[in-house]
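*Asks:* what follows is a predicted structure for the sequence shown.
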Amino acid sequence: EVQLVESGGALVQAGGSLRLSCEASGFTFDDYAIGWFRQAPGKEREGVSCISIGDGVTYVIDSVKGRFAVSSDNAKNTVYLQMNSLKPEDTAVYYCTADQGWVCLGRGSWGQGTQVTVST
């Protein structure tokens, strides 16, 4: 059974940093792409980042480029989202996802989410 467990969400002041973790189990980690999606109140869910575990290729959306970075510790089956210079508009529930292959489509398994709140 595929399981994804996010952690690391918190209340932080603007300009601060957080590191989210997504611990995966129940599948062959190297065969998957792990994504981070977020959903803010009243807004549509959006993809934030993706890492293809097999080849290490990463991607982040333009609005977080230079502030967020995605990485993985394959020995721990864990993906991290390092978030720096946080802005109030980064406030959202952050979810990690697992899609078999190299692309984060959000069509596979989802975690339960972790709340990130950035105050002014």
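*Replies:* Alright, I've got the coordinates. In this text, all values refer to a predicted model and were calculated from it rather than measured experimentally.

*Asks:* got the contact list for the spatially most central residue of the chain?
*Replies:* What sits nearest the mean C-alpha location of the chain, by C-alpha atoms, centre = their mean, is Trp36, with 2.7 Å. Listed by C-beta atoms under 8 Å, 6 or more residues apart in numbering, the contact partners of Trp36 are 20, 22, 47-50, 70, 79, 81, 94-97. To be clear about C-beta, it is placed using only N, CA and C from the backbone, and glycine gets the same treatment.

*Asks:* same thing but at 6 Å, please
*Replies:* 48-49, 81, 94, 96 (C-beta atoms under 6 Å, 6 or more residues apart in numbering).

*Asks:* likewise Ala92?
*Replies:* By C-beta under 6 Å, 6+ apart, the neighbours of Ala92 are 38-40.

*Asks:* state the number of residues packed around the closest residue to Phe29 other than its chain neighbours.
*Replies:* Nearest residue to Phe29, sequence neighbours excluded (C-beta to C-beta, 6 or more residues apart in numbering): Asn77, at 4.7 Å. Asn77 has 20 neighbouring residues, counting by other C-beta atoms under 10 Å.

*Asks:* look up how far Ser25 lies from Asn77.
*Replies:* 6 Å (C-beta to C-beta, to the nearest Å).
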